[in-house]
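Undergrad: with the sequence up front, the predicted model follows.
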Amino acid sequence: MADKLRVLFVCAKNDVRSLMAEALLRHSDCEHFEALSAGLVASEVDPRTLESLDHVGIDTTGLRSKAIDEFEGQPFHYVITLCDKSSEEASRIPTAGEVIVWNFEDPVTSEKHDPFRHAIQEIHDRIKMFITVKTR
């Protein structure tokens with residue numbers, strides 16, 4: 001395959017869900033996809049994000065919180081928003097062939113037991129489906 005499909009995951013702060021999605025897509029299919037993530041603003045990466053990814057054997061090397069501005073002017077095949085706030089700010093998001101809206105509960109404020117592991121599982125399931133559909 002010549003060029004990888006560029007995918008940008010966007011969340012409000014790029015501290016949990018979008019970073020998880022970036023790491024999971026990179027881990028699941030780096031042959032077909034170039035996975036990146038950004039927040040409407042950059043912030044501190046929640047340490048539980050890295051712990052949860054490490055726990056399930058996902059490489060977190062180079063993961064850092066980035067602001068959407070870092071990607072200004074860059075083209076993407078897919079921009080996937082992971083929370084309501086980022087969907088509402090779509091006008092700030094770089095150009096994409098397709099914008100996809102996913103909505104995952106924020107594990108930081110979740111009432112669920114073990115919310116970070118739960119978030120990883122939900123996001124990973126969705127990413128596996130995305131890969132299946134987009135690499136046919």
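TA: Happy to help now that I have it. Residues are numbered from 1 along each chain as shown.
Undergrad: show me where this structure has its helices.
TA: Along the chain, the segments classed as helices by DSSP state H run 17-28, 47-55, 84-88, 115-134.
Undergrad: what residues sit buried inside the last one?
TA: Going by neighbour count (16 or more other C-beta atoms under 10 Å), the buried part of helix 115-134 is 115-120, 122-124, 126-127, 130-131, 134. The way it works is simple: take the backbone N, C-alpha and C, and place the C-beta from them, glycine included.
Undergrad: next, the angle from it to helix 47-55.
TA: On the basis of axes from the mean of the first three to the mean of the last three C-alpha atoms, to 10 degrees, helix 115-134 is oriented at 60 degrees to helix 47-55.
Undergrad: by contact count, what packs against helix 115-134?
TA: helix 17-28, helix 47-55 (3 or more C-beta pairs under 8 Å, 6 or more residues apart in numbering; DSSP states H and E).
Undergrad: need these in JSON lines (columns: distance to F76).
TA: Converted to JSON lines, the helices and strands packed on helix 115-134 look like this (distance: least, C-beta to C-beta, whole Å):
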{"stretch": "helix 17-28", "distance to F76": "13"}
{"stretch": "helix 47-55", "distance to F76": "22"}
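Undergrad: need the CA coordinates for the lowest-mean-pLDDT helix or strand in the chain. PDB is fine.
TA: Using mean pLDDT, DSSP states H and E, helix 84-88 stands out as the lowest-scoring helix or strand of the chain, at a mean of 77. Extracted in PDB, the C-alpha atoms of helix 84-88 (Å, rounded to 0.1, in the frame of the first residue of the first chain):
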ATOM      1  CA  ASP A  84     -19.400  16.400  22.300                       C
ATOM      2  CA  LYS A  85     -17.200  19.400  22.800                       C
ATOM      3  CA  SER A  86     -14.800  18.500  20.000                       C
ATOM      4  CA  SER A  87     -17.700  17.800  17.600                       C
ATOM      5  CA  GLU A  88     -19.100  21.300  18.300                       C
END
